[in-house]
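Student: Predicted model and sequence below, questions to follow.
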Amino acid sequence: ERKTALEQDTAFQKAHKKHAARGQTAAVNSDQSKVKHHFIAYVLNNEGDLVELDGTKAGPVIIGKCDGDLLRGSIKEVKGKLERGEISESLSMMTFNLANE
């Protein structure tokens with residue numbers, strides 16, 4: 001009953017759309033050097049470069065060629081960051097891959 005009532009409530013739908021369009025947080029323009037835990041994503045661009053997407057940086061960072069193997073390229077970059085002391089060993093990693101058809 002509740003679900004049906006909400007689906008048919010146009011005032012609720014309008015209010016939801018208005019607030020959903022605002023987003024959840026404002027853009028951060030302050031010093032990000034003290035951020036300890038955040039997400040970093042590695043992707044391949046159209047040229048086959050490994051690109052780091054890190055919200056604490058001004059924009060995407062092109063790491064370099066990685067021969068089309070996103071996982072190996074990302075691991076190499078993370079290992080390098082660990083060796084250089086740029087990140088701590090207190091990290092979690094997750095990968096997303098396309099399903100084989």
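Tutor: Right, received. Where do you want to start?
Student: Which of the three states applies to the spatially most central residue of the chain?
Tutor: Closest to where the C-alpha atoms of the chain average out (CA atoms, centre = their mean) is Ala41, at 4.9 Å. Assigned by DSSP: H, G, I helix; E, B strand; the rest coil, the conformation of Ala41 is strand.
Student: Distance check, it against Gly55.
Tutor: Using CB to CB, to the nearest Å, Ala41 is found at 9 Å from Gly55. Quick note: C-beta positions are derived from backbone N, CA and C, even for glycine.
Student: what pLDDT does Glu77 get?
Tutor: The score at Glu77 is 91. That number is its pLDDT.
Student: Pull the contacting residues for it.
Tutor: Contacts of Glu77 were listed using CB atoms under 8 Å, 6 or more residues apart in numbering, and they are Tyr42, Leu50, Glu52, Ile63.
Student: From these, list just the buried residues.
Tutor: Tyr42, Leu50, Glu52, Ile63 (16 or more other CB atoms under 10 Å).
Student: What number of residues are in the vicinity of the nearest residue to the third one once chain neighbours are set aside?
Tutor: Looking back up the chat, that one is Glu52. Nearest residue to Glu52, sequence neighbours excluded (CB to CB, 6 or more residues apart in numbering): Val61, at 4.4 Å. When neighbours are defined as other CB atoms under 10 Å, Val61 has 14 of them.
Student: ok, now how distant is Val61 from Gln13?
Tutor: In terms of CB to CB, Val61 sits 41 Å off from Gln13.
Student: all strands of this protein, in order?
Tutor: 40-44, 49-54, 61-65 (DSSP state E).
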